[in-house]
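Visitor: Coordinates only, no sequence provided:
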DNA sequence: CCCTCTTCCTCCAGCAATCGAACGAAGTTC
DNA sequence: GAACTTCGTTCGATTGCTGGAGGAAGAGGG
């Protein structure tokens, strides 16, 4: 009512927040930090002092005067350590090293098959990360963030009943990694990491947003109150098995139900549907290529996928009333899909919920997942 | 990762929280408060002192010894003031007075028709509240909480594009009330207030829960992180116009779309559907009576309503992953509806999301709305 | 060149919230 | 009646922050 509603800004001012302001380039000096964080100059000064003492920040030269004393530039030291990131997909993975400000130093995509099972896949990826670290400047590895394409019990780092990861059920990714590498490990769902990465790196001003990952599978990550929202069991955002087609004959899903979103709109589903019509595709990337070449069947099927995703998202948008919906993953690059998803959302949501709703592609693209993985580690190691 | 995830408890310890512990009967002494709030005994003592000074608490006699010194009982004074509450429905309203601990002193149901327009309806209800206050102990009125069956811009107290409240669009309920009564006024959606009331009064331990109100219309309130979640525009929880039936011919909704949840599962929709089959019903209450009497048509239609609600809720549960789903409103008393809603949820949700999910009727019943209205006012006036 | 004004940053006193430890008050138990 | 519990208060100590004074360093005007 009128007066004293919560200000909407999350409480900015923790050591993490100050660091992020420097990392994103929003602040370059103590004065900047004071202005942006709302803290008093004295508080900022003393916080910065401890951050410098702990190696999180460094003074480096001076900036331009704005009519008075020159500000002393702050930056996050490049030699303060590197963070490893793994973003595992169904058919390929992306590994990277990032600096403490969350910027990518080196990255690499590689073909892996999730159904080869956890040990060989994770072993290969950990090796790739250590190789990237080794070929770098020699800065110490501070931790590794891991994203996997299935439900993760985040607090334990274990995989729980994934439908697209045969052989991974109950596998303890956290333990597997900590047994092999002696640094902090954080494991989460790929969609959650995508959400975290895009949010922190591109639109940290949003309080409530939904990030849909449409690749071989379909998932979503949720930001609520400026933070990653996980829900009661940590499965929040998992819209892959929402039923979208009630008519028979509805496609059978790997989860045993029929008409799941994943069974009609995921990359895997599109491949299967086209293959059944005799069109030779073996991967979602093939489908995207066909669409780019103007193949009518592929375009039609991609359009309907967008409609289906929009159908489920319309419920999500009405219920959650976010400020923005982002779409990422392989299928996000496909204009027809985005268009039909938008149409479906605008058609079926409350006008109140869509009047200022942003519906966009990820701005961080394929890097979102590894950016999020790094953020997870930064959050972990920054306090103490 | 294993270790330092957030504790899940919301920060307990504000003056509000202490008061609530006393109000709900969970704590009766300073020692209880210290144990339950996690604060140190000294902090509790001094907080309690100021609360007593401000008239929010009172010492009253001593309790039984538990092997040592007897605790001094604390209670919320009955003469500290009363709170007015209005819970407006489409065809009837409930007004009440409550004490500062949020317990109902007196309540009254009355027939009103929302389509008579805002001035006459609100005028009548405000009069009813002041009458209830007048017939009480003479304690001062501290504020009035108002719930209305449509979207409310909570920060302004104004109604925005309600589909079931002709003539109310844009009406400033807040101003109308403050112009007539010189006490704090708080306005919110009826489903939000139902959620707030049930959560605070019955299950304040839940962090994430969804409260569905199924009456003449259909709405939902959301608790996230122990707090009422409103979303970006304040329309969170509004699932009434989610499309649920893709088959033709889908019923036309008052919003102009077809197949909305409200058009197939609300009380109004059930009345219309039965009337079209020549069964003489004029209100949702009639439908409930028919179901109680075992009328097969009414039971069948109520079952399908439960299934439709469950269908939308399954998306909500997958996405939001709450600990509990509660159902309230007139239709909630109907066992077949609850049963088919449960079936639909269990069938279509991730096992992970439903394995510990509570699906229940409101425990505070018809009072939930006025309980929530009082909580809104308590929140407003308690600080200062 | 000097004086004034601005900006950046630090130092210091002080406030507010909380805690821990010590202690007094009041009871129970054996 | 001595020992042990429980309840509540008092009294520093700590923590986190703020505001103000003021020093450092520069811009600009006469």
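Guide: It's in. Small disclaimer: the values here were computed from a predicted structure and weren't measured. Numbers count the residues shown, from 1 in each chain, chains lettered A, B, ... in the order given.

Visitor: Now do the contacts for whichever residue of the stretch 151-300 of chain A sits closest to chain B.
Guide: Closest approach between the stretch 151-300 of chain A and chain B, counting by CB to the nearest CB: residue A:231, at 2.7 Å. All C-beta spots, glycine's among them, are computed from the backbone N, C-alpha and C. If a contact means CB atoms under 8 Å, 6 or more residues apart in numbering or on different chains, then residue A:231 has A:237, B:208, B:320, B:321, B:322, B:353 as its contacts.

Visitor: would you list those residues in a markdown table and tack on distance to DNA strand C and pLDDT?
Guide: Shown next, in a markdown table, are these (distance: CB to the nearest atom of the strand, whole Å; pLDDT from 0 to 100):
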| residue | distance to DNA strand C | pLDDT |
| --- | --- | --- |
| A:237 | 33 | 97 |
| B:208 | 25 | 97 |
| B:320 | 30 | 98 |
| B:321 | 30 | 97 |
| B:322 | 29 | 98 |
| B:353 | 35 | 93 |
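
Visitor: Of these, which is the most crowded?
Guide: For these, the largest number of neighbours (other CB atoms under 10 Å in any protein chain shown) sits with residue A:237, at 29 neighbours.

Visitor: Hmm, that one is touching residue B:350, no?
Guide: No. The pair residue A:237 / residue B:350 is not scored as a contact, 11.0 Å apart, by CB atoms under 8 Å.

Visitor: for the contacts of residue A:231, which one is nearest residue A:155?
Guide: Nearest to residue A:155 among those is residue B:321, at 13.7 Å by CB to CB.

Visitor: Wait, the closest one touches residue A:222, no?
Guide: No. In this structure, residue B:321 is not within contact of residue A:222 by CB under 8 Å, at 9.2 Å.

Visitor: any common contacting residues for those two?
Guide: Common neighbours of residue B:321 and residue A:222 (criterion: CB under 8 Å, 6+ apart): A:236, A:237.

Visitor: who's in contact with residue A:374?
Guide: Contacts of residue A:374 by CB under 8 Å, 6+ apart are A:83, A:85, A:96, A:98, A:102, A:145, A:197.

Visitor: The helix of greatest length in chain A vs helix B:296-320, what angle?
Guide: Of all the elements of type helix in chain A, the one with the most residues (DSSP state H) is helix A:296-320. Helix A:296-320 runs at 100 degrees relative to helix B:296-320, counting by axes from the mean of the first three to the mean of the last three CA atoms, to 10 degrees.

Visitor: list the buried ones in helix A:296-320?
Guide: When neighbours are counted by 16 or more other CB atoms under 10 Å in any protein chain shown, the buried residues of helix A:296-320 are found to be A:298-299, A:301-320.

Visitor: Is chain B within reach of the helix or strand that comes right after that helix?
Guide: Counting by DSSP states H and E, the element after helix A:296-320 in chain order, helix or strand, is strand A:324-328. No. Against chain B, strand A:324-328 shows no contacts by CB under 8 Å from any CB of the partner chain, the least distance being 8.6 Å.

Visitor: Strand A:324-328 pairs with which strands, parallel or anti?
Guide: Partners of strand A:324-328 in the sheet, by DSSP bridges, are strand A:209-214 (parallel), strand A:358-361 (parallel).

Visitor: how much distance is there from that strand to the middle of the chain?
Guide: Offset of strand A:324-328 from its chain centre (CA atoms, centre = their mean, to the nearest Å): 11 Å.

Visitor: quick one: the helix or strand following that strand to helix A:296-320, angle?
Guide: Moving toward the C-terminus from strand A:324-328, the next helix or strand (DSSP H and E) is helix A:335-348. Between helix A:335-348 and helix A:296-320, the angle comes out at 40 degrees (the same axes, to 10 degrees).
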